[in-house]
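Enquirer: sequence and predicted structure, then a few things I'm wondering about:
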Amino acid sequence: MKKLTELLAAARAKWNKKEQVKEDYSLATPPLLLVPGTGGKISRFDKLIALLEEKQPVAVLKITVQEDDTLLVSGSLAIDNTRPVVVIAFSDASGAAVPKQAHWFRKALMYLEKHYQVRAYDYFGHSNGGLVITEYLENVCLSIDPQVRFLLLTGTPFDGVRQQIVSQAANQLQQNPSESLKNYLVKQSRLPSNLDVVLVAGEKNDSNSDGIVPVISVAAGLQLYAEANSCRFVLVKGAGHSQLVTHETVVHLIADELWHETVK
């Protein structure tokens, strides 16, 4: 009986080693990390991925970070895939948990570094997903962490979701910033300067808002990321907050600027 137990243990160890060797390798292309906003599930970007796949296959890995720091992982990435995508979601997807989500994001990032030797990545965040990366870069990121190259942030409420009368151009800076924006501005110097940033806001019916986030709140990111290599603002007319995820403007930004492809 003892001998049988030892043989089973040896076989299990051999199998685990085989599985680890199979999974651990370096990706040829930096992955695009997709992070949803408040209430966003791991399936939040399925339609966006389907739109991107209409031209070429996309390798997809999905990671849900649990509140106890454990990871639920599904899917796989291919070493020769030129368009690796990683969806990162959180079991606690509440708005109040954004600071915690920044730490959980690093847990997922460390997994990618360990298993796929990821040292650089691009980032797409919707709504509070844009605050997660900002929180991470200012308060969590270490110098040894993989480096972000490109930020595409859609409907991100840098200045909160308060409604107000806007008498200035939508892409001008806020003169009376909220406490949350002030807190981000205090640590602005910690944000990396060697990255490119695109801020996308939606506007429904000339309302200066996407129905949830005011245009000027998204545009406040221009001030926050002012020292980046480049930072520009894109206003999408007629797009509501949730619609920004799959809007053709966003699909083109990913395909043209990240993957250098033309999506029809």
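Expert: Thanks, I have it. Numbering: from 1, shown residues only.
Enquirer: got the buried residues for stretch 202-212?
Expert: 202-204, 208-210, 212 (16 or more other Cβ atoms under 10 Å). All C-beta spots, glycine's among them, are computed from the backbone N, C-alpha and C.
Enquirer: of the residues you listed, closest to Asp92?
Expert: Distance to Asp92, by Cβ to Cβ, is smallest for Ile212 among the buried residues of stretch 202-212, at 20.2 Å.
Enquirer: which residues are in contact with that closest one?
Expert: 127, 155, 157, 161, 240-241 (Cβ atoms under 8 Å, 6 or more residues apart in numbering).
Enquirer: now, which of the buried residues of stretch 202-212 lie within strands?
Expert: Mapping the buried residues of stretch 202-212 onto strands (DSSP state E) picks out 202-203.
Enquirer: about what we covered before: and the buried ones among the contacts of Ile212, selectable in PyMOL?
Expert: Selection of buried members from those for PyMOL, criterion 16+ other Cβ under 10 Å:
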select buried, resi 127+155+157+240+241
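Enquirer: using a markdown table, lay out the contacts of Ile212 together with secondary structure, pLDDT and distance to Leu109.
Expert: Below are these laid out as a markdown table (DSSP: H, G, I helix; E, B strand; the rest coil; pLDDT from 0 to 100; distance: Cβ to Cβ, whole Å):
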| residue | secondary structure | pLDDT | distance to Leu109 |
| --- | --- | --- | --- |
| Ser127 | coil | 97 | 20 |
| Gly155 | coil | 96 | 23 |
| Pro157 | coil | 96 | 23 |
| Val161 | coil | 83 | 28 |
| Gly240 | coil | 94 | 30 |
| His241 | coil | 95 | 26 |
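Enquirer: want to throw the buried residues of stretch 202-212 into JSON lines with pLDDT and distance to His247?
Expert: Below are those laid out as JSON lines (pLDDT from 0 to 100; distance: Cβ to Cβ, whole Å):
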{"residue": "Gly202", "pLDDT": "96", "distance to His247": "8"}
{"residue": "Glu203", "pLDDT": "94", "distance to His247": "12"}
{"residue": "Lys204", "pLDDT": "92", "distance to His247": "12"}
{"residue": "Asn208", "pLDDT": "91", "distance to His247": "18"}
{"residue": "Ser209", "pLDDT": "93", "distance to His247": "16"}
{"residue": "Asp210", "pLDDT": "93", "distance to His247": "10"}
{"residue": "Ile212", "pLDDT": "94", "distance to His247": "15"}
